[in-house]
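Engineer: One predicted model, sequence on top.
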Amino acid sequence: MSHDLSLAQAYAFQLSRDLMVPVAVFEVDGEYGALPSDEIDADDDLAIVHEFLPWPSQ
């Protein structure tokens, strides 16, 4: 977890490219984190900030 959004976004972008899976940046209690999108449950108390997709958009 980080208080720096740009750090969390950089980590999520690289994680998405390395694992080749969608990765979401989320915010909870003023801190940011990143998880593969398929690991986030609908009943988790997370605010999704952005989702990085490893594939180029068409």
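Structural biologist: Great, that's in hand. Residues are numbered from 1 along each chain as shown.
Engineer: which residues touch the residue lying closest to residue 36 once chain neighbours are set aside?
Structural biologist: In this structure, residue 36 finds its nearest non-sequential neighbour in residue 21, 5.1 Å apart by CB to CB, 6 or more residues apart in numbering. (Each C-beta comes from the backbone N, C-alpha and C, glycine too.) Neighbour list for residue 21: 36-38, 54 [criterion: CB atoms under 8 Å, 6 or more residues apart in numbering].
Engineer: and the residue lying closest to residue 35 once chain neighbours are set aside, what helix or strand is that in?
Structural biologist: Leaving aside its chain neighbours, residue 35 sits nearest to residue 24 (6.0 Å; criterion: CB to CB, 6+ apart). In this assignment (DSSP states H and E), residue 24 forms part of strand 23-28.
Engineer: Is the residue nearest to residue 36 part of a helix or strand, or is it coil?
Structural biologist: Classification of residue 21 by DSSP: H, G, I helix; E, B strand; the rest coil places it in coil.
Engineer: ok, back up a step: neighbour-wise, give me the winner out of the contacts of residue 21.
Structural biologist: Neighbour counts for those (other CB atoms under 10 Å) peak at residue 37, which has 17 neighbours.
Engineer: so how far is the first residue of stretch 24-43 from its last?
Structural biologist: When the termini of stretch 24-43 are compared using CA to CA, to the nearest Å, they are 15 Å apart.
Engineer: now what about it, what contacts it?
Structural biologist: Contacts of stretch 24-43 (CB under 8 Å, 6+ apart): 1-5, 7-9, 11-12, 15, 19, 21-23, 45-52.
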